[in-house]
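Q: predicted model and sequence follow; I will ask about them next.
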Amino acid sequence: MNSLNSILIEGNLAKDPDLKKTAKGTFVCNFTIASSRYFMVDGEYQQEIDFFDVTVWSELAEICGEKLKKGRGVRIIGRLSQSRWKDEQGKNRSRVYITADHVEFKAEKINKK
């Protein structure tokens, strides 16, 4: 039986996306989103911001690389992924990130001049 590994998260891009092609010609786009939550402490609202790394592949990666910019709002549906490796000192390292299967772009604000 498969375990459940699914995530839905909304936030804004913390920096411009990084679009690349692999050696085999597949697009991969990496970006970081900032996701905020508000909560009450002693009658005052507090804000907590978390940052999440996101990886998108293939055609969706190409679209994200072209359409997304720092500050743009997104809704991500995907799964958690983990990379593991040994560093130069032989220590085990790991990184957890989101692999997106679906990315919704929030409407861009248009400035009137």
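A: Arrived safely. Residues are numbered from 1 along each chain as shown.

Q: show me what contacts Asp87?
A: Arg93 (CB atoms under 8 Å, 6 or more residues apart in numbering). C-beta coordinates here come from the backbone N, C-alpha and C atoms, glycine included.

Q: list phi and psi for it.
A: phi -80, psi -180 (degrees, to the nearest 10).

Q: so how far is Ser94 from it?
A: 11 Å (CB to CB, to the nearest Å).

Q: again with Ile7
A: 17 Å.

Q: so the two - more neighbours on which side?
A: A count of neighbours by other CB atoms under 10 Å puts Ile7 above the other of Ile7 and Ser94, at 15 against 8.

Q: for this protein, which spans come out with low pLDDT?
A: Counting by pLDDT under 70, the chain shows low-confidence ranges at 108-113.

Q: just the helices in it please.
A: 58-67 (DSSP state H).

Q: so what's the residue count around Lys106?
A: So Lys106, with other CB under 10 Å, has 12 neighbours.

Q: wait, it sits on Lys69?
A: No: Lys106 is beyond contact range of Lys69, at 12.0 Å (criterion: CB atoms under 8 Å).

Q: show me what Arg84 bridges to in the sheet.
A: Bridge pairing for Arg84 (DSSP bridges) gives the partners Ser94.

Q: residues touching the residue positioned nearest the centre of the chain, list them.
A: Most central in the chain under CA atoms, centre = their mean is Val54, positioned 2.9 Å from the mean C-alpha point. Neighbouring residues of Val54 by CB under 8 Å, 6+ apart: 30-33, 76, 78, 97-100.
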